[in-house]
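>>> my questions are about this predicted structure, shown below with the sequence.
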Number of protein chains: 2
Amino acid sequence: MKIGQATIKDIARELNISSSTVSRALKDYPGISDETKRKVKEVAEKLNYRPNAIALSLRKSRSFTIGVIIPEVVHFFFSTVISGIEEVASSRGYNVILSQTNESFAREKSSIDTMLSNQIDGFLVSFSKETTEFDHFSKLLDQSYPIVFFDRVPNIPNAISVMVDDYQGAYKATSHLISQGYTKISHLVGPPTLAISRERERGYRDSLANHGIQIYPELIIECAYGTSDEGFKVTEALLKNGKTFPDAIFANNDMAAVGAMLACRSMGIKVPDDIGIVGFSNWQFCSMIEPSLTSVSQPGFKIGETATQMLLDMIEKKLDPDSITAPIVLETELLVRKSSVK
Amino acid sequence: MKIGQATIKDIARELNISSSTVSRALKDYPGISDETKRKVKEVAEKLNYRPNAIALSLRKSRSFTIGVIIPEVVHFFFSTVISGIEEVASSRGYNVILSQTNESFAREKSSIDTMLSNQIDGFLVSFSKETTEFDHFSKLLDQSYPIVFFDRVPNIPNAISVMVDDYQGAYKATSHLISQGYTKISHLVGPPTLAISRERERGYRDSLANHGIQIYPELIIECAYGTSDEGFKVTEALLKNGKTFPDAIFANNDMAAVGAMLACRSMGIKVPDDIGIVGFSNWQFCSMIEPSLTSVSQPGFKIGETATQMLLDMIEKKLDPDSITAPIVLETELLVRKSSVK
DNA sequence: TTGTAAGCGTTATCAA
DNA sequence: TTGATAACGCTTACAA
């Protein structure tokens, strides 16, 4: 598009040689005289020549671009993952093309379509909350199109996944509350469509069971949007009208946890004395709020890095997808702060 | 790359017609029989045909992709801008390719290079803190390559910029502190390379001056990284060893403001009673911390939207860059919370 | 209404 | 050591 964007042909014309020679000289192919190489590079420099990656893509049927499908960008965890993705991709010479679905299934599908049109070499996907049907991914996997799922991973054949140990994170969080003497522990559950929600709930339940603590079904409450507003509302309702009054809340995400904390404050309930609170994800604000919020930290950057390494290895055939039979599971860390320590 | 990715030729072969006819049929060109159109579309469907955007780009010398150069992704303001960019770009049929510089000048230049190789149609740029020299942008502007700068904008000819009124935001913040009775107001200044830092400082100074409040140079402190750690350290130093003890702090960003707040707390100084604090950017945590943090909110999403609209309009020749002679300046809003109200 | 052919910028193959 | 040519997938004059 740029006027005067020089091409190989321009260099060839200037030197009265063929474009194939120019191409070879630029890449230091053997069998080209040093003299020619020198001249070609000189002219390339002079004309400010820049290889056209689009032409290359067409030629090689490889775009050196990967597509990232993500629910939200304005989100501590996801933006951290993106950062890890970007880091690895750029160091290995790949471009990152980004699309956020805003948790919409339709948007997810259409993003995939445009990216496919753009001949991207592979996908990094964390699917939307609305996504309950995975044909659009299965189809691609059947064609052995390289995809790595992260965090939100589907339960379909041949899917390669990088995730954190949500079960263990939730187990540790709950056990911590128990160790602090809390016994009526409520759980704010995430969207039921996501395995991470179910795993976290499972970790919560197992911890209670293994510690011989009673499980109160009425303390297990869905909090699907994961906003602080929602956390506020469900907590307020729970504390006002609930059959059983909790002495702790384990929220499946930090936003909801903050909402719960604000609800407690608005009702004059002391955290952590009356009610202990633990969140999930370790958003930056956890250490800034008062009381500081205990949370399960997920290695977002590492997830991004790992998923991208695997994807690029698959693309470059250094990694056989069939050799990966189980999800890669990264450890979480429980960061204990004031909100849960009596 | 995918085995069996159908092309126009495949459709043509299947129907024994020419590929140009197929091309035209697919785009509902006039002068193609309905019968042919029907058949072509049917076969396209059957073969799961997907146009190759790379081939199209090469043909049209247009990639329908814009490049975004951004300092950090894990940053409330920038991620909000990205969200706005993504929204507009995708609704207008453009892809977004993303590169974060991590505040490195070298990285900024190399990102631009690869993006140019990839024939992107235009740039959206917020440059790095290290960037003090703008030749790499000027060169592109001279070739009338479409670029829109946002937030961090350079002072070079023909640059098109979308920014917020940092001066006014800082002025409002400072005036608010004054109205609350604070008089020894410290300012934590951002990186001196960025105009936004200088503008915020200017707003701060002008507000003091216009209100007839004394300016203490020793209360104006550089806090270039803008982390909460740095904010903590400089505040602690100021409170311990400073010549003049402040009764308020206006930090050029929220992270530094939180650091300042934590420093006060660690020294037993009450916010807002002993010291009032105001930040800038309105990160999500502002309303979650205790005391909640007064902050100047910037319309990040709108900045992203506006910049992208302008860029795409320039690319599509709906907007003549020469008609834009001044930066687009969006309003800020001061959100008064507890940290600054006595 | 449809087909032919050239071209976007590269590079691989074959020939010289 | 270099050159001519074809091909990647698509669009578009021009011709039929």
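Sure, I can see it. Bear in mind that the values here come from a model prediction, so they are computed numbers and not experimental data.

>>> check contacts around residue A:50.
A:5, A:6, B:113, B:116, B:117 (C-beta atoms under 8 Å, 6 or more residues apart in numbering or on different chains). Glycine gets a C-beta too; all of them are placed from N, C-alpha and C.

>>> how much space separates the closest residue to the last one other than its chain neighbours from DNA strand C?
If you skip the residues right next to it in sequence, residue B:117 has residue A:53 as its closest partner in space, 4.4 Å away by C-beta to C-beta, 6 or more residues apart in numbering or on different chains. As defined by C-beta to the nearest atom of the strand, to the nearest Å, residue A:53 lies at a distance of 9 Å from DNA strand C.

>>> name all residues that make contact with residue A:53.
By C-beta under 8 Å, 6+ apart, the neighbours of residue A:53 are A:63, A:64, B:114, B:117, B:118, B:119.

>>> check residue A:275 too.
Residue A:275 neighbours (C-beta under 8 Å, 6+ apart): A:246, A:247, A:248, A:249, A:264, A:269.

>>> may I ask which of these has the most neighbours?
Compared across the contacts of residue A:275, residue A:249 has the highest neighbour count, 34 neighbours, by other C-beta atoms under 10 Å in any protein chain shown.

>>> ok, what's across the strand from the residue in the stretch 151-300 of chain A that DNA strand C sits nearest to?
When scored by C-beta to the nearest atom of the strand, the stretch 151-300 of chain A has residue A:160 as its residue closest to DNA strand C, at 29.0 Å. When assigned by DSSP bridges, residue A:160 has beta-bridge partners residue A:148.

>>> my read: it touches residue A:324, true?
Yes - here residue A:160 reaches residue A:324: they are 5.2 Å apart, a contact under C-beta atoms under 8 Å.

>>> settle it for me: which of the two has more neighbours?
Using other C-beta under 10 Å as the criterion, residue A:160 and residue A:324 rank with residue A:160 on top: 23 against 16.

>>> in a helix, residue A:183, correct?
No - looking at residue A:183 with DSSP: H, G, I helix; E, B strand; the rest coil, it is coil, so not inside a helix.

>>> and the residue nearest to it when sequence neighbours are not counted, how many neighbours?
Leaving aside its sequence neighbours, residue A:183 sits nearest to residue A:213 (C-beta to C-beta, 6+ apart; 5.7 Å). Using other C-beta under 10 Å as the criterion, residue A:213 is surrounded by 17 other residues.

>>> so who does residue A:213 touch?
A:178, A:183, A:185.

>>> can you turn the buried part of those into a ChimeraX selection?
Of the contacts of residue A:213, the buried ones go into a single ChimeraX selection, burial set by 16 or more other C-beta atoms under 10 Å in any protein chain shown:
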select /A:178,185
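
>>> can you pull the residues of the stretch 151-300 of chain A lying near chain B?
A:228, A:258, A:262, A:283, A:284, A:285, A:288, A:289, A:290 (C-beta under 8 Å from any C-beta of the partner chain).

>>> one more pass at 10 Å, please.
When proximity is defined by C-beta under 10 Å from any C-beta of the partner chain, the stretch 151-300 of chain A lies next to chain B at A:228, A:254-255, A:258-259, A:261-262, A:265, A:283-293, A:300.

>>> select from the residues you listed every entry located in helices.
Of those, the ones assigned to helices by DSSP state H are A:228, A:254, A:255, A:258, A:259, A:261, A:262, A:265, A:300.

>>> quick check: the farthest pair among these?
Greatest spatial distance among these (C-beta to C-beta): A:265 and A:300, at 28.6 Å.

>>> what's the burial count for the residue of chain A found nearest chain B?
Minimum separation of chain A from chain B (C-beta to the nearest C-beta) falls at residue A:285, amounting to 3.3 Å. When neighbours are counted by other C-beta under 10 Å, residue A:285 registers 23.

>>> how far off centre is the helix or strand harbouring residue A:178?
Under the criterion of DSSP states H and E, residue A:178 resides in helix A:166-179. Computed by C-alpha atoms, centre = their mean, to the nearest Å, the chain-centroid distance of helix A:166-179 equals 22 Å.
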